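Colleague: would you be able to build a 3D model of this:
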Amino acid sequence: MRSIGIVIPAAGASSRMRGCDKLLEKVDGQPLLARQARRALATGWPVLVTLRPGDARAEVIPDGVARREVPGAAEGLAASLRSGAAWAESLNLTALMVVLADLPDLTTEDLETIAAAFSEDPNRIIRATDDSGKPGHPVIFPAKHFEAMQILRGDDGAKPLLAQDPPRLCPLPGLRATTDLDTPEDWAAWRANQTRE
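Modeller: Numbering: from 1, shown residues only. Just a heads-up that it's a prediction; the model follows:
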């Protein structure tokens, strides 16, 4: 599984946060993006974070993580996926795991779990679900999809690829695969839940 790489798309604008940056919100005393990158690094696999040109988010990315500024980042998620697939191809990786930066409940163990499941059938896309079966992230793409990923367009990400080649599903505990925090209200509810736990 050493041939898997991880891309964390972080070139979005946090447009629903009303002036705040969700990826710089503090979780466990550190910016969420830094925390996610460290959890990815802990797998021992190569990690890439995609960024908007000149983005202050670059300052919180830990050592050991590759960074790429994404031209046309305003286009949406596809711009980061194109960059991630090109990076994976340049390293001769056999698979690319896409880990969204705003899923705060994902653990290093979750990334390893889906990678282990992927290794059982490494020619097929695999996608994490929550315990209800709702599809979420991470998603792992075999290298055979890198070329197609490099021509994706728009903010639908890899939805066209997932429609053409339906993924295997891998359940993760609870709502870890689907709890994303896009708005101040999402953050408030998540933090309140952490306090209760």
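
Colleague: would you agree Arg191 falls within a helix?
Modeller: Yes. Assessed with DSSP: H, G, I helix; E, B strand; the rest coil, Arg191 lies in a helix.

Colleague: distance of it from Gly12?
Modeller: Arg191 sits at a distance of 21 Å from Gly12 (criterion: Cβ to Cβ, to the nearest Å). For every residue, glycine as well, the C-beta is placed using N, CA and C.

Colleague: looking at those two, which one has more neighbours?
Modeller: Higher neighbour count among Arg191 and Gly12: Gly12, with 24 against 14, using other Cβ atoms under 10 Å.

Colleague: enumerate every residue touching the more buried one.
Modeller: By Cβ atoms under 8 Å, 6 or more residues apart in numbering, the contact set of Gly12 is 73, 76-77.

Colleague: in CSV, list these along with secondary structure.
Modeller: Formatted as CSV, the contacts of Gly12 follow (three-state DSSP):
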residue, secondary structure
Ala73, helix
Gly76, coil
Leu77, helix
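
Colleague: of the residues you listed, grab the buried ones for PyMOL.
Modeller: Filtering these down to the buried ones (16 or more other Cβ atoms under 10 Å) takes a single PyMOL command:
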select buried, resi 73+76+77
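
Colleague: could you redo the contacts of Gly12 as a markdown table and give each row pLDDT?
Modeller: A markdown table is the format used below for the contacts of Gly12 (pLDDT from 0 to 100):
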| residue | pLDDT |
| --- | --- |
| Ala73 | 77 |
| Gly76 | 81 |
| Leu77 | 87 |
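
Colleague: and which of the contacts of Gly12 is nearest to Arg168?
Modeller: Lowest distance from Arg168 to the contacts of Gly12 (Cβ to Cβ) belongs to Leu77, with 21.4 Å.

Colleague: tell me how far the closest one lies from Val139.
Modeller: Look at Leu77 and Val139: by Cβ to Cβ, they are 11 Å apart.

Colleague: Ala188 too?
Modeller: In this view, Ala188 and Val139 are 28 Å apart by Cβ to Cβ.

Colleague: same check on Leu33?
Modeller: Separation of Leu33 from Val139 (Cβ to Cβ): 19 Å.

Colleague: before we move on, the earlier item: so Ala188 and Val139 - more neighbours on which side?
Modeller: Taking other Cβ under 10 Å, Ala188 and Val139 do not tie; Val139 has more neighbours (25 against 11).

Colleague: my read is that the more buried one contacts Pro167, right?
Modeller: Yes. Assessed by Cβ atoms under 8 Å, Val139 is found in contact with Pro167 at 6.8 Å.

Colleague: thanks a lot, catch you later.
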